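**Q** The following block contains a protein sequence and its predicted model.
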Amino acid sequence: MSVHQSIKRITTHTLQQWKNEGKPISMLTAYDFTMAKLLDRAGIDVMLVGDSASNVMAGHETTLPITLDQMIYHAASVVRGASRALVVVDLPFGSYQANSSEALRSAIRIMKETGAHAVKMEGGSEVAESITRILAAGIPVMGHLGLTPQSIYKFGTYNVRAKEEAEAQKLLEDAQLLESLGCFAIVIEKVPAKLAKKTAEILKIPVIGIGAGGGVDGQVLVTHDMLGLNEEFSPRFLRRYRNLAEEIVQATGAYIADVKSRSFPNDKEQY
Ligand code: KIV
């Protein structure tokens, strides 16, 4: 789709306008061209090329192993399938934690090599300098607080975060810091609904939740979880809209049976 064609692209400004108007934002992960095309056709507002690709696409236990080059490959594929959605790309673990120069270089590579529209980074005050430099280069940044999977070995579990007062207070302070730095939105993951609602009420920028209740400005899920492709993962916050794992297994079984019985291909399915 060229810039001259008619589908209107969602921008960070659109999301801000929707926050002001109280209009919810829909966001899902995408990692490849075909899925991106389908999500875009369905009307998703934001596609996140999440580092959850490390789990659902590559089969790793955590998000830590995925590399910047691999994220760039996924993101470029998604961008080719997205005509309307805003495409946000996770900076993967190891591509921004060392220092702000490395963070900036990684963000620039993502923008230059993929055509995506924004980057997402986990953390609050710890990454403030990097966020400032990336924003100064004209790259929109989405923050990510609460359960931040790149720190799983620090947390020790994927349990709900910020249940205790001190961590809840730090989350609120970090959220306000990210807003003051100029982030256009933040994701908050797996925190008590009351805290998430309070954060969304205090912040002027959109707060998008995953496992954070309904009091926020938008919702994000991992597409493979939402479509029931990932049967092993069933946290309380997940709503499954289909059981595609079952459908794929059944369809594949039918294909195998047809091949074995020589009923595929038939006369019309050949040249
Ligand atoms: O990588 C990812 O999929 C994410 C979402 C869970 C927000 O960061």
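**A** Received it, and whenever you're ready, just let me know what you need. Quantities reported herein were computed from a predicted structural model and do not represent experimental measurements. Residues are numbered from 1 along each chain as shown.
**Q** all contacts plus neighbour counts: C-alpha atoms, from now on.
**A** OK.
**Q** Nearest to the ligand: which residue in the stretch 101-250 of the chain?
**A** Closest contact between the stretch 101-250 of the chain and the ligand, by Cα to the nearest ligand atom, is at residue 222 (5.4 Å).
**Q** What residues does that residue make contact with?
**A** Contact partners of residue 222, counting by Cα atoms under 8 Å, 6 or more residues apart in numbering, are 28, 29, 52.
**Q** Off-centre distance for whichever strand or helix holds residue 153?
**A** Using DSSP states H and E, residue 153 sits within helix 152-155. Using Cα atoms, centre = their mean, to the nearest Å, the mean C-alpha position of helix 152-155 is found 20 Å from that of the whole chain.
**Q** And the residue of the stretch 101-250 of the chain closest to the ligand, how far from residue 15?
**A** Separation of residue 222 from residue 15 (Cα to Cα, to the nearest Å): 20 Å.
**Q** can you pull the buried residues of the helix or strand of the chain with the lowest mean pLDDT?
**A** Across the helices and strands of the chain, mean pLDDT, DSSP states H and E gives its lowest value to helix 152-155, namely a mean of 94. Within helix 152-155, no residue is scored as buried using 16 or more other Cα atoms under 10 Å.
**Q** neighbouring contacts of it?
**A** For helix 152-155, contacts defined as Cα under 8 Å, 6+ apart pick out 62, 158.
**Q** now for the next helix or strand after it, which elements pack on it?
**A** Next along the chain after helix 152-155, taking DSSP H and E as the criterion, comes helix 165-181. Using 3 or more Cα pairs under 8 Å, 6 or more residues apart in numbering; DSSP states H and E, the elements in contact with helix 165-181 are helix 128-136, strand 141-146, strand 185-189, helix 193-202.
**Q** let's go with 7 Å and repeat that
**A** Packing partners of helix 165-181 (3 or more Cα pairs under 7 Å, 6 or more residues apart in numbering; DSSP states H and E): strand 141-146.
**Q** Quick check: can you list the domain ranges of this protein?
**A** Following the assignment in automatic domain parsing, the chain carries domains at 12-240, 244-271.
**Q** Deepest in the core, which of the ones you listed is it.
**A** Greatest average neighbour count among the domains of the chain goes to domain 12-240 (a mean of 19), per mean count of other Cα atoms under 10 Å.
**Q** ends of it, how far apart?
**A** Start-to-end span of domain 12-240 (Cα to Cα) is 28 Å.
**Q** Apart from its neighbours in sequence, what residue is nearest residue 73?
**A** Spatial nearest neighbour of residue 73, excluding adjacent residues (Cα to Cα, 6 or more residues apart in numbering): residue 114 at 7.7 Å.
**Q** Do I have it right that that neighbour meets residue 76?
**A** Yes - judged on Cα atoms under 7 Å, residue 114 makes contact with residue 76 at a distance of 4.1 Å.
**Q** who in the stretch 51-200 of the chain is up against the ligand?
**A** The stretch 51-200 of the chain comes close to the ligand at residues 51, 52, as judged by Cα under 6 Å from any ligand atom.
**Q** one more time with 8 Å, if that's ok
**A** Along the stretch 51-200 of the chain, the residues adjacent to the ligand under the rule Cα under 8 Å from any ligand atom are 51, 52, 53, 63, 90, 144, 148, 149, 187, 188, 189.
**Q** residues contacting the closest residue in space to the fourth one that isn't next to it in sequence?
**A** If I follow you right, that is residue 63. Among residues not flanking residue 63 along the chain, residue 54 sits closest, at 5.1 Å (Cα to Cα, 6+ apart). By Cα atoms under 7 Å, 6 or more residues apart in numbering, residue 54 lies in contact with 60, 62, 63, 65, 66.
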